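S.K.: take a look and give me a structure for this.
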Amino acid sequence: MADACQRIILEARRVYETDKAKARETYFRYAGPAVRTMHHTKAFKRVVEPETGEYYRSFRKWLSDLGVSKSHGYRMLDESPVAHALHAVYQGPLESSQVEILAPVVRQHGFDAGRKLWQACAELGDTSGKALALMRDAMGLIVHNEGVEPPSREGSIPAPAREPALRLTAKSFDADRVREFARQQPDLMRLIISVGTEALHEIEPPAEA
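M.R.: Next up is the predicted model:
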């Protein structure tokens with residue numbers, strides 16, 4: 001699992017570095033689920049650090065060695081839970097700047113405060129990160145510095161009870177389920193195809209023309 005997560009993160013970062021302006025949000029949606037999985041399961045501790053030959057002990061160091069900045073990595077941890085908190089009032093994609101403002105509000109003041117903050121901005125027609133920050137201050141939602149390490153699993157925003165998932169076996173393959181997953185998670189499906197194709201080429205090199 002750790003190897004698969006790292007491959008997804010590295011590929012997402014490669015896409016992001018190719019065109020940062022256009023790929024920023026795609027980068028977050030590609031790599032976010034893998035970063036959250038590695039953090040919540042502590043799977044990064046089963047990865048060997050190249051410099052020392054020892055297993056990683058620090059989540060931050062593991063992120064850094066993959067080329068993921070601390071701020072990006074920590075926002076990825078919160079993207080899905082924040083979307084869950086807003087689900088009753090908004091089901092669209094979230095930008096990283098929005099997550100950065102909403103996550104500490106939801107964590108420190110609760111789901112209702114996060115939803116009310118979003119709704120107040122939506123009523124004014126502007127839910128950008130800047131607008132959310134201004135409205136947060138206007139509503140008196142004071143947020144405290146949460147430190148340099150991400151929240152523990154116990155202190156994190158509760159994750160959705162069920163995220164879109166694709167679980168297949170040879171006996172239960174259902175093409176319609178695959179198509180539905182692709183419609184719900186197109187960026188992730190593209191990445192699965194990319195990584196899967198690369199893996200197949202490793203075990204079954206394409207025939208030379």
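
S.K.: now the helices for this protein?
M.R.: 2-18, 20-41, 59-65, 70-85, 96-109, 111-123, 129-138, 175-184, 186-203 (DSSP state H).

S.K.: between those, which gets nearest to residue 50?
M.R.: helix 59-65 (7.3 Å; C-beta to C-beta). Glycine gets a C-beta too; all of them are placed from N, C-alpha and C.

S.K.: can you point out the buried residues in the closest one?
M.R.: 59-60, 62-63, 65 (16 or more other C-beta atoms under 10 Å).

S.K.: kindly report the same for stretch 138-145.
M.R.: residue 141.

S.K.: which one of the buried residues of helix 59-65 is nearest residue 96?
M.R.: Closest to residue 96, out of all of the buried residues of helix 59-65 and judged by C-beta to C-beta, is residue 63, at 15.1 Å.

S.K.: check contacts around the closest one.
M.R.: 35, 69-70, 73 (C-beta atoms under 8 Å, 6 or more residues apart in numbering).

S.K.: re earlier: reformat the helices of the chain into CSV and put distance to residue 144 and mean pLDDT next to each item.
M.R.: Below are the helices of the chain laid out as CSV (distance: least, C-beta to C-beta, whole Å; pLDDT from 0 to 100):
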stretch, distance to residue 144, mean pLDDT
helix 2-18, 29, 78
helix 20-41, 21, 76
helix 59-65, 20, 91
helix 70-85, 15, 81
helix 96-109, 7, 89
helix 111-123, 14, 94
helix 129-138, 13, 95
helix 175-184, 35, 78
helix 186-203, 33, 71
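
S.K.: now residue 144. Nearest residue, chain neighbours left out?
M.R.: residue 108 (6.6 Å; C-beta to C-beta, 6 or more residues apart in numbering).

S.K.: what's the spacing between stretch 73-80 and its chain's center?
M.R.: Centroid separation for stretch 73-80 versus its chain: 5 Å, with C-alpha atoms, centre = their mean, to the nearest Å.

S.K.: how about stretch 53-67?
M.R.: For stretch 53-67, the distance to the chain centre is 18 Å (C-alpha atoms, centre = their mean).

S.K.: distance to residue 49 added to the helices of the chain, as JSON lines?
M.R.: Shown next, in JSON lines, are the helices of the chain (distance: least, C-beta to C-beta, whole Å):
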{"stretch": "helix 2-18", "distance to residue 49": "12"}
{"stretch": "helix 20-41", "distance to residue 49": "14"}
{"stretch": "helix 59-65", "distance to residue 49": "7"}
{"stretch": "helix 70-85", "distance to residue 49": "16"}
{"stretch": "helix 96-109", "distance to residue 49": "27"}
{"stretch": "helix 111-123", "distance to residue 49": "36"}
{"stretch": "helix 129-138", "distance to residue 49": "34"}
{"stretch": "helix 175-184", "distance to residue 49": "34"}
{"stretch": "helix 186-203", "distance to residue 49": "23"}
